[in-house]
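J.: Kindly generate the corresponding structure for this input.
(one chain, ligands or ions: 1)
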Amino acid sequence: MTCSAKAALCGAVTALGVWMGLAAVAPPAVAQSFPSRPVTLVVPFAAGGPTDTLARILAERAAAEIHGTVVIENVAGASGSIAGARVARATPDGTTITIGHWGTHVLNGAIYKLSYDVMADFEPVALIASGPQLIVGRKALKADTLKELIAWLKDNPNGATAGTAGPGSGAHVAGVFFKSKTGTEFQFVPYRGAGPAMIDLVAGQIDMIFDQATNSLPQIRNGAIKAFAVTSPTRLASAPDIPTVDEAGVPGLYIAYWHGIWAPKNTPKDIVDKLNAAIVAALADPAVRARFAELGQEIPPLDRQSSAALGAFQKAETEKWWPIVKAADIKPE
Ligand code: MLT
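T.: Presented below is the predicted three-dimensional model:
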């Protein structure tokens, strides 16, 4: 089943179907019997948000590549760290895995005092896709460009609000960088995910979000919100009218929001390989590729879809971002 952006109503747990196919190469003994029970794919945020959307697209197609049933379970709260703890402590047999991203598997380690280690307690399975954020505002906001937004914020110091997916989430971190680059002030409003934040933006309850493109683009296309800029050096192919932050007046505010899949540490390698093969096959599917592209997501080349490549990338991102986030003194509030 597929949940739309309004799918907060979809319920927290959804069976996605039966994984019926076979991996291309005969798997070793442990993987042959895997999965002997349903696989739970934990989404660390509310249903209907960007991570949930990508998880559902991917899982539906991966269903054709592996035996069994996959169930999506939304475990929201504390910027994804409640889900992180749950999966880090799960039995490492491949039947509990998680989708995560730059926030859950990099930023959270620098910002929260966690009961688990964002790198050491997981086996990386596969990098899925990367996409920028969009700086978006409620439809009636009295600003149509990023420069007008900055002017409006300066006219309304502390009166404006920006929704986030929780303290320390990517939306919060991007907002902190934006404040320091522009000399503006506004209040952060934390939600259990970008899905519920978007519902309030559309309703005009908050002023703006530093939001993943996956979440915003459908609402921009139907005219429910307005876009000011994309946080990347180039425009999105699927939304070429939205200027880059460089063009719009906040040069260098680049945020690439990547997603991956992880299993608990010590999950047997042949099971990790089987999960990786299913995801690689899903990412090669033209329908998945088209859907991801429409949502502003770039799928990595094949040589970056291995579990080792995700581990190396997560390490590089940690080395890059932890000093920046710690220097910015971003706290879970
Ligand atoms: C979500 O699905 O709610 C998001 O991935 C949250 C975020 O922006 O970190």
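J.: quick one: residue 189 is in a strand?
T.: Yes: read with DSSP: H, G, I helix; E, B strand; the rest coil, residue 189 is one of the residues of a strand.
J.: List the residues that contact it.
T.: 161-164, 197, 200, 206 (C-beta atoms under 8 Å, 6 or more residues apart in numbering). (Each C-beta comes from the backbone N, C-alpha and C, glycine too.)
J.: Leaving out sequence neighbours, find the closest residue to residue 311.
T.: residue 124 (4.2 Å; C-beta to C-beta, 6 or more residues apart in numbering).
J.: before we move on, what about residue 180?
T.: Residue 180 sits nearest to residue 328 (C-beta to C-beta, 6+ apart), 7.5 Å away.
J.: Relative to residue 35, which of the contacts of residue 189 is nearest.
T.: Using C-beta to C-beta, residue 197 is the member of these that sits closest to residue 35, with 33.6 Å.
J.: In this structure that closest one contacts residue 165, no?
T.: Yes: using C-beta atoms under 8 Å, residue 197 makes contact with residue 165 at a distance of 6.6 Å.
J.: which residues do those two both contact?
T.: Contact criterion C-beta under 8 Å, 6+ apart; residues shared by residue 197 and residue 165: 171, 191.
J.: Please say which of these two ends up with more neighbours.
T.: When residue 197 and residue 165 are compared for neighbours, residue 165 comes out ahead with 33 against 27, by other C-beta atoms under 10 Å.
J.: quick one, helices of the stretch 51-200 of the chain?
T.: Ranges of helices in the stretch 51-200 of the chain, per DSSP state H, counting those that start in this stretch, are 81-88, 102, 108-111, 146-155, 170-182, 194-202.
J.: which residues are contacting the helix or strand residue 312 falls within?
T.: Element membership for residue 312, per DSSP states H and E: helix 307-327. Contact with helix 307-327 is made by 102, 105-107, 109-111, 118-119, 123-127, 173, 258, 260-262, 272-273, 276, 300, 303-304, as judged by C-beta under 8 Å, 6+ apart.
J.: Name only those of those that count as buried.
T.: Among the contacts of helix 307-327, those classed as buried by neighbour count (16 or more other C-beta atoms under 10 Å) are 102, 105-107, 109-111, 118-119, 123-127, 173, 258, 260-262, 272-273, 276, 300.
J.: quick one: low-confidence ranges for the stretch 101-250 of the chain?
T.: Residues of the stretch 101-250 of the chain meeting the criterion pLDDT under 70: none.
J.: And the strands in it?
T.: 122-138, 161-164, 187-190, 208-212, 225-230 (DSSP state E, counting those that start in this stretch).
J.: hmm, the fourth one in reach of the ligand?
T.: Pointing back at strand 208-212 there. Yes: using C-beta under 6 Å from any ligand atom, strand 208-212 reaches the ligand at residue 212.
J.: Kindly format the C-alpha coordinates of that strand as CSV.
T.: Provided in CSV are the C-alpha atoms of strand 208-212 (Å, rounded to 0.1, in the frame of the first residue of the first chain):
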residue,chain,number,x,y,z
MET,A,208,8.3,28.1,7.1
ILE,A,209,10.3,24.8,7.0
PHE,A,210,13.8,23.9,5.9
ASP,A,211,12.3,20.8,4.4
GLN,A,212,13.4,17.8,2.4
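J.: counting contacts, what elements does it pack onto?
T.: Packing contacts for strand 208-212, counted by 3 or more C-beta pairs under 8 Å, 6 or more residues apart in numbering; DSSP states H and E, involve strand 122-138, strand 161-164, helix 170-182, helix 194-202.
J.: what's the third one packed up against?
T.: I take that to be helix 170-182. Against helix 170-182 (3+ C-beta pairs under 8 Å, 6+ apart) you get strand 122-138, strand 161-164, strand 187-190, strand 208-212.
J.: Tell me which of those sits most buried.
T.: Among the helices and strands packed on helix 170-182, ranked by average contacts under mean count of other C-beta atoms under 10 Å, first place goes to strand 208-212 (a mean of 30).
J.: Spatially nearest residue to residue 291, not counting backbone neighbours?
T.: Using C-beta to C-beta, 6+ apart, the closest residue to residue 291 is residue 57 (5.4 Å).
J.: Residue of the stretch 201-333 of the chain nearest the ligand, please.
T.: residue 212 (5.3 Å; C-beta to the nearest ligand atom).
J.: In the sheet, which residues pair with that residue? Tell me.
T.: Beta-bridge pairing for residue 212 (DSSP bridges): residue 133.
J.: hang on, isn't it packed against residue 170?
T.: Yes: using C-beta under 8 Å as the test, residue 212 is close enough to residue 170 to be in contact (7.4 Å).
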